[in-house]
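[1] coords please:
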Amino acid sequence: MAGVSTLPQEILMEILSKLPAKSLVRFRCVSKFFCALIAGHGFGVLNRSLSLTLPSRAGFLISIEVRPPHPAPYRRVYYTLNFSEEENPRRLQANRVGFLDAEPFLLSSSSDGLICVSKPNGDVAVCNVSTGQRIFLPRIQYKDYTLLLAYDSQSKRYKVLMSTQMIDQESSTRNKLTYYEYKQWVFTVGVDRSWREINDYYSFPFYPIDGINSPCNCSNTSVYIDGVIYSYNMQTKHSMFRRLHIVAFEVGCESFSVITLPDQVSSQSYLFFTKSALLEVGGRLAIVHVRVPDLFGEGLCYMDVWTWEKSKKCWEKIIVTIPLEWHRIICYASSLRFATNHDGEIVLLCIYGEQFFILVCNLTSEVWRKFDLSGVEDLPIFSCWEVTLHNVVDHVFPLE
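    Purely as a prediction, here's the structure:
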């Protein structure tokens, strides 16, 4: 140990940063020297940055709400999935995340390897999926709220954006109709001691559409990309934004802007009858839609992908044909969940009957691959509306 501690700290950090999070947690128990080094903020930033470039540290988190026999309450179980750990080229193994199962957490959003979860009593926590570390935020007193987690590259901290919805008593009494008011709050993890309300001139009140009440019938109604949170929204006080659109929240300066949807998807009815998601594709914001044949099963299945060209402020579209052999899974799937992998491919989690399948599409070559998913067969019947798929990255970024 004396010899190791005499090495330059930069070299030690370079060596340790290449280890997975579980190994680093064990290394912290070796000595006070290693504990202080690994727990440092600088090492956390280095380890996180490296993890974003390594396929072996990129994976997915699957959240499933289980419906046990009445009157037992619903419970939620969590699994991680990693393509680099596959033993069978056609089968992927899901691994249970026990520490999340132990408490009635509801997953709200994810960013890198961290997730934001809440409980019915208003407790909110940010957890590291790889290490099990968690930090609780101040309890939320509101009944209706949405939580979105993101990384602020300026402060090198994670922030949680909370949007609340409450009845505007004065307007409702005066007009004899139910009016709502919307407020936004921000909490910087490891810095703030209380929620900060955003109330500047350039921001406007909005309430992101969540996965259950969304016209998209999916959980992928928001995505974090390079310092910006993008969310589906249509509930604002401004008449010019009554239609469905996308709200962009700049995490660093904590300001809002609006992105208009492509003409073909601007109507709510279109999204309602298709399976849709907001994703990051090649570093860009993307809207992904799966189109299925008519009720008689005639025609092909397609996947439409619109990507947002930020510099030109316009949408670009590509259409990918889904292979015929997987039409049945796509057409009759009770639910589809979307993500992207480390190669920028589209990943679809398909729930078909009581089985899980993974379909992967390479947008450049238009090649599709199918995987069976193992490890979740022992679950009882669950509600397909309560399945979510999130990208996660393995790292030990300190929360405090």
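[2] which element is the nearest residue to Thr80 once chain neighbours are set aside on?
    In this structure, Thr80 finds its nearest non-sequential neighbour in Asn95, 5.0 Å apart by Cβ to Cβ, 6 or more residues apart in numbering. Placement of C-beta: from N, CA and C, glycine included. With elements taken from DSSP states H and E, the one containing Asn95 is strand 91-96.
[3] mind exporting the C-alpha coordinates of that strand to PDB?
    What follows is the C-alpha trace of strand 91-96 in PDB, where atoms were taken according to Å, rounded to 0.1, in the frame of the first residue of the first chain:
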ATOM      1  CA  ARG A  91     -31.100 -14.400 -25.600                       C
ATOM      2  CA  LEU A  92     -30.500 -11.600 -23.000                       C
ATOM      3  CA  GLN A  93     -30.500 -12.000 -19.300                       C
ATOM      4  CA  ALA A  94     -32.300  -9.600 -17.000                       C
ATOM      5  CA  ASN A  95     -30.800  -9.100 -13.500                       C
ATOM      6  CA  ARG A  96     -32.900  -8.200 -10.500                       C
END
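[4] got a pLDDT number for the residue nearest to Thr80?
    pLDDT recorded at Asn95 is 89.
[5] residue contacts, it?
    The contact partners of Asn95, by Cβ atoms under 8 Å, 6 or more residues apart in numbering, come to 79-81, 375.
[6] tell me who's in contact with the residue lying closest to Gln133 once chain neighbours are set aside.
    Distance criterion Cβ to Cβ, 6+ apart; nearest residue to Gln133, sequence neighbours excluded, is Leu399 at 6.1 Å. Under the criterion of Cβ under 8 Å, 6+ apart, the neighbours of Leu399 are 114, 126, 128, 133-135, 158, 189-190.
[7] quick one: which of the residues you listed sit in strands?
    Taking DSSP state E, the ones among those that sit in strands are 114, 126, 128, 134-135, 158.
[8] nearest to Glu103, of the residues you listed?
    The closest of the ones in strands among the contacts of Leu399 to Glu103 turns out to be Arg134 (Cβ to Cβ; 9.6 Å).
[9] how much space between the closest residue to the closest one other than its chain neighbours and Pro89?
    Nearest residue to Arg134, sequence neighbours excluded (Cβ to Cβ, 6+ apart): Cys127, at 4.2 Å. As judged by Cβ to Cβ, to the nearest Å, Cys127 and Pro89 stand 32 Å apart.
[10] quick one: which of those two has more around it?
    Taking Cys127 and Pro89 together and counting by other Cβ atoms under 10 Å, Cys127 has the greater number of neighbours (23 against 8).
[11] my read: the more buried one touches Val117, true?
    Yes - under the contact definition of Cβ atoms under 8 Å, Cys127 touches Val117, with a separation of 6.1 Å.
[12] any common contacting residues for these two?
    100, 105.
[13] what about Ser194, which SS state?
    coil (DSSP: H, G, I helix; E, B strand; the rest coil).
[14] returning to that earlier point: local confidence estimate at the residue nearest to Arg134?
    On the pLDDT scale, Cys127 is placed at 91.
[15] so who does it touch?
    Contact analysis of Cys127 by Cβ under 8 Å, 6+ apart lists 100, 105, 114-115, 117, 133-134.
[16] which of those has the largest number of neighbours?
    Counting by other Cβ under 10 Å, top hit in these: Leu114 with 27 neighbours.
[17] if I look at it, how far off is Tyr78?
    Leu114 sits 14 Å away from Tyr78 when distances are taken as Cβ to Cβ.
[18] again with Gln154
    31 Å.
[19] higher neighbour count, those two?
    Here Gln154 and Tyr78 are set side by side on neighbour count (other Cβ under 10 Å), and the busier one is Tyr78, at 23 against 10.
[20] assumed that one was part of a strand.
    Yes - with the criterion set as three-state DSSP, the secondary structure at Tyr78 is a strand.
[21] tell me who's in contact with it.
    The neighbourhood of Tyr78, defined by Cβ under 8 Å, 6+ apart, consists of 61-64, 96-97, 100-101, 107.
[22] again, only using 7 Å
    With Cβ atoms under 7 Å, 6 or more residues apart in numbering as the criterion, the residues that contact Tyr78 are 61-63, 97, 100-101.
[23] narrow those residues to those in helices?
    100-101 (DSSP state H).
[24] just give me the neighbour total for Thr164.
    Burial of Thr164 is recorded as 21 neighbouring residues (other Cβ under 10 Å).
[25] and Arg26, helix, strand or coil?
    The assignment at Arg26 comes out as helix when based on three-state DSSP.
[26] picking that back up, the residue nearest to Gln133 in helix, strand or coil?
    Under three-state DSSP, the three-state class of Leu399 is coil.
[27] report pLDDT for it.
    We have a pLDDT of 77 for Leu399.
[28] try Ile346
    Looking at Ile346, its pLDDT stands at 94.
[29] ok, the closest residue to it other than its chain neighbours to Lys317 distance?
    Once its chain neighbours are removed from consideration, Ile346 has its nearest residue in Cys361; the separation is 4.5 Å (Cβ to Cβ, 6+ apart). In this structure, Cys361 and Lys317 are separated by 15 Å, where distance is defined by Cβ to Cβ.
[30] same check, this time on Ala102
    In this structure, Ala102 and Lys317 are 44 Å apart, going by Cβ to Cβ.
[31] give me the more crowded residue out of the two.
    Set side by side, Ala102 and Lys317 show unequal neighbour counts under other Cβ under 10 Å, the larger going to Lys317 at 12 against 8.
[32] now the angle from the helix or strand the residue nearest to Ile346 falls within to strand 91-96?
    Using DSSP H and E, the secondary-structure element containing Cys361 is strand 355-362. Angle between the axes of strand 355-362 and strand 91-96 is 120 degrees (criterion: axes from the mean of the first three to the mean of the last three Cα atoms, to 10 degrees).
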